[in-house]
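Chemist: what follows is a predicted protein model with its sequence.
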Amino acid sequence: MIEAKKLTKSYGDNLALNNLNIHIGKGEVFALLGQNGAGKTTTINCFLGFVSPTSGDALIDGISVNSHPHESKKALAYIPETVMLYPHLTGVENLAFFSSLAGWKYPEDELRALLLKSGLQEAAHAQRVGSYSKGMRQKVGIAIALAKQAKALFLDEPTSGLDPKASNEFSELLKELSTEGTAILMATHDIFRAREVAHRVGIMKEGQLVSQLSATDLSANELEKLYLKTI
């Protein structure tokens, strides 16, 4: 569902991605670990079409992002570290607006059902998003992904700044999306959450995937030790 084929990106003499290969199947969660500058965000940006690779290809459900940018975007959703929503609109209104941009129109009761499924309490649906916590905004981001019926979900530091309760709730939502068949690529520094949520973990260094393993093969402490050795 998500595939990088010899993905390479250069910025002048700086090699941000170096012949990267990743294969993520339907319903699989893949966590990318690595220091700042390792290439995690560049990888995601190639899949989103924000940057074009120097060589190689990024594919979503077999569709090349570089060759078919509009078609590939129909199959994906993206949740950045800070979900950008319109603060003067309510949760329902934001969901309706961003769904319509993707070509989906839902009646209000279905929009509210999507927000509930994403874990946003009913009392917040009609509140302006400007009053939302970061965790609540992330849940609206999940609802947008649900509304788009995204086959692939990309996350960049999704639990950064969340308190433990909100971080745990977000992890449970990702697990539920996984069981429903969504392929998920998550860039994170959160080793504990990566170990808890992901099926596989990859460690990046200088634009390369230097280690790749099943998340069940190591404890969080063992994964941390491996990560520290890598960097």
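Modeler: Thanks, I have the structure now.

Chemist: for the lowest-mean-pLDDT helix or strand in the chain, buried residues please.
Modeler: Lowest on mean pLDDT, DSSP states H and E among the helices and strands of the chain sits helix 220-230, with a mean of 82. Going by neighbour count (16 or more other Cβ atoms under 10 Å), the buried part of helix 220-230 is 223, 226, 227. For every residue, glycine as well, the C-beta is placed using N, CA and C.

Chemist: what do you get for stretch 157-175?
Modeler: Across stretch 157-175, burial judged by 16+ other Cβ under 10 Å covers 157, 158, 159, 162, 166, 167, 169, 170, 171, 173, 174.

Chemist: any chance of those in TSV, plus distance to residue 105, secondary structure and pLDDT?
Modeler: As requested, the buried residues of stretch 157-175 are exported to TSV (distance: Cβ to Cβ, whole Å; DSSP: H, G, I helix; E, B strand; the rest coil; pLDDT from 0 to 100):
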residue	distance to residue 105	secondary structure	pLDDT
157	31	coil	89
158	27	coil	86
159	31	coil	84
162	31	coil	82
166	30	helix	85
167	33	helix	86
169	28	helix	87
170	27	helix	87
171	31	helix	89
173	24	helix	90
174	27	helix	91
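
Chemist: check which helix or strand the most centrally placed residue in the chain maps to.
Modeler: Among the residues of the chain, the one closest to the centroid is residue 155, at 1.9 Å (Cα atoms, centre = their mean). Applying DSSP states H and E as the criterion places residue 155 in strand 152-156.

Chemist: who's in contact with that strand?
Modeler: The contact list for strand 152-156, computed with Cβ atoms under 8 Å, 6 or more residues apart in numbering, reads 1-2, 24, 40-41, 44, 47-48, 60-61, 75-81, 145, 174, 177, 182-188.

Chemist: restricted to helices, list the residues you listed.
Modeler: Judged by DSSP state H, helices contain the following of those: 40, 41, 44, 47, 48, 145, 174, 177.

Chemist: what residue, apart from its backbone neighbours, is nearest the fifth one spatially?
Modeler: Beyond its immediate neighbours in the sequence, the residue positioned closest to residue 48 (Cβ to Cβ, 6 or more residues apart in numbering) is residue 78, lying 5.7 Å away.

Chemist: thinking again about what came up before, for residue 197, state which of the buried residues of helix 220-230 is nearest.
Modeler: The nearest member of those to residue 197, counting by Cβ to Cβ, is residue 223 at 12.5 Å.
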